[in-house]
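S.K.: Give me the fold of what follows.
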Amino acid sequence: MRLPRPRSPLRAVVALVATTAIGGVLAACGSGPASGSGSRQSITLYNGQHVQTTDALVAGFERATGITVDVRDGTEDTLTNQIVTEGARSPADVIYTENSPALEYLQSKGLLAKVDPGSLAKTPSRYNSPSGDWVGVSARVSVMIYNPSLISKSQLPTSVLGLASPRYKGKLAFAPGETDFQPIVTAVDRAYGKAATLSWLEGISANLSGYTHTYAANETIADEVNRGVVAFGVINQYYWYRMRAEIGRSNIHSALAYFAPHDPGYVIDVSGAAVLKSSKHQAAAQEFLAYLVSKAGQSIIADPSKSISFEYPIASGVTTKAPETPFNRLQPYPITVGELGDGRAAVALLTEAGLL
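M.R.: Numbers count the residues shown, from 1 in each chain. Have a look, this model is predicted:
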């Protein structure tokens, strides 16, 4: 799982840009000041998404509705476990995560409220909770990042199974604790079975043995590969685009490559949001979800100048403005968010292989 980014002056800049931009598109959200709100309403958001993306969305929502949002940042696994521990006493009204398994886990615990049908209808059903307990907001795709000075594109594996090949010993950057990698493990398990998946993970572990290329987060993989510390790694595509926006094109010494079409390593990850069943502000919380999937909210995700997101908007018919492979041209492994599940089987396999 990613390490939470510290809040910085960039937060204020992104929020200001988003607030200004949203002024002209409030009608598209279909929301005005909250009805019956003689006093200013407030909701608490447990945020496992990137700070800059969430700040831009929160700024637009507050401007559009008059509802304030108390944002509490953390990693999605930490926040998910916190909600389970807090139970009905949780102060959270909404949780917003990078990946669907965290939401599926909370759903399995019976802690999520049903999402308003109007919000669910804004996102294609294959990217929403099969039970209607959370709504898909954006998507990313798994890719390889590589440094051409250390490894050529033709030398990269075409299948994710190739990561276990001895030819990549000492060349692979890996973040086993990243929740972004769990869907890949789940996909491999679905395609080849538990025994083959465990053997594959043990091969990756052997390739990492004796080297210091095991990291805590995708951001670190992107940085280490870009600086030439290690040859290549697996990340979600938006980390590379975010890095390029932050350090400048002239400082980019890496590139992206895809696994073969429909390979289990070529996975779409969905970021989503849910309302807690224990929320004391159900209407306002549902309004926040409605904003995330509205044209106004999706337009913020679509435009990197507003949110530095580089994720793919997937609702309200909005498409990305970022210079990356169009979402409709991706050729991922055919696995649904329901089949990705809650990630626990993937964690068990990673643990059994000695990677966690």
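
S.K.: Where does the prediction get shaky in this structure?
M.R.: Judged by pLDDT under 70, the chain has its weakly predicted residues at 1-39.

S.K.: Kindly state the beta-bridge partners for the nearest residue to F232 once chain neighbours are set aside.
M.R.: Spatial nearest neighbour of F232, chain neighbours left out: Y146 (3.7 Å); criterion: CB to CB, 6 or more residues apart in numbering. In short, each C-beta sits where N, CA and C put it, glycine included. Counting by DSSP bridges, Y146 forms beta bridges with F232, A255.

S.K.: residue contacts, Y146?
M.R.: With contact set as CB atoms under 8 Å, 6 or more residues apart in numbering, Y146 has these partners: 153, 156, 225, 231-232, 254-257.

S.K.: Reformat these as JSON lines; add neighbour count and distance to A348.
M.R.: Formatted as JSON lines, those follow (neighbours: other CB atoms under 10 Å; distance: CB to CB, whole Å):
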{"residue": "K153", "neighbour count": "12", "distance to A348": "34"}
{"residue": "L156", "neighbour count": "18", "distance to A348": "29"}
{"residue": "V225", "neighbour count": "27", "distance to A348": "28"}
{"residue": "A231", "neighbour count": "24", "distance to A348": "29"}
{"residue": "F232", "neighbour count": "26", "distance to A348": "27"}
{"residue": "S254", "neighbour count": "23", "distance to A348": "32"}
{"residue": "A255", "neighbour count": "16", "distance to A348": "34"}
{"residue": "L256", "neighbour count": "17", "distance to A348": "30"}
{"residue": "A257", "neighbour count": "14", "distance to A348": "30"}
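
S.K.: okay, now I252: neighbour count?
M.R.: When counting by other CB atoms under 10 Å, one arrives at 12 neighbours for I252.

S.K.: one step back: how close does the residue nearest to F232 get to I235?
M.R.: Y146 sits 11 Å away from I235 when distances are taken as CB to CB, to the nearest Å.

S.K.: residue ranges for the helices of the stretch 151-300 of the chain, please.
M.R.: Residue ranges of the helices in the stretch 151-300 of the chain, as given by DSSP state H, counting those that start in this stretch, are 182-192, 194-208, 218-226, 237-247, 282-292, 295-302.

S.K.: which one of those is the most hemmed in?
M.R.: Greatest average neighbour count among the helices of the stretch 151-300 of the chain goes to helix 295-302 (a mean of 26), per mean count of other CB atoms under 10 Å.

S.K.: Which SSE is immediately downstream of that helix?
M.R.: Using DSSP states H and E, the helix or strand that directly follows helix 295-302 along the chain is helix 304-307.

S.K.: and that next one, which residues are buried?
M.R.: For helix 304-307, burial by neighbour count (16 or more other CB atoms under 10 Å) applies to 304, 306-307.

S.K.: For G341, find the nearest of the helices of the stretch 151-300 of the chain.
M.R.: helix 182-192 (6.4 Å; CB to CB).

S.K.: Please state the offset of that closest one from the chain centre?
M.R.: 17 Å (CA atoms, centre = their mean, to the nearest Å).

S.K.: Which residue ranges make up the domains of the protein?
M.R.: As assigned by automatic domain parsing, the chain contains the domains 9-139+269-325, 140-267+340-352.

S.K.: how about these in JSON lines, adding distance to Q331?
M.R.: Output for those, formatted as JSON lines (distance: least, CB to CB, whole Å):
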{"stretch": "domain 9-139+269-325", "distance to Q331": "10"}
{"stretch": "domain 140-267+340-352", "distance to Q331": "4"}
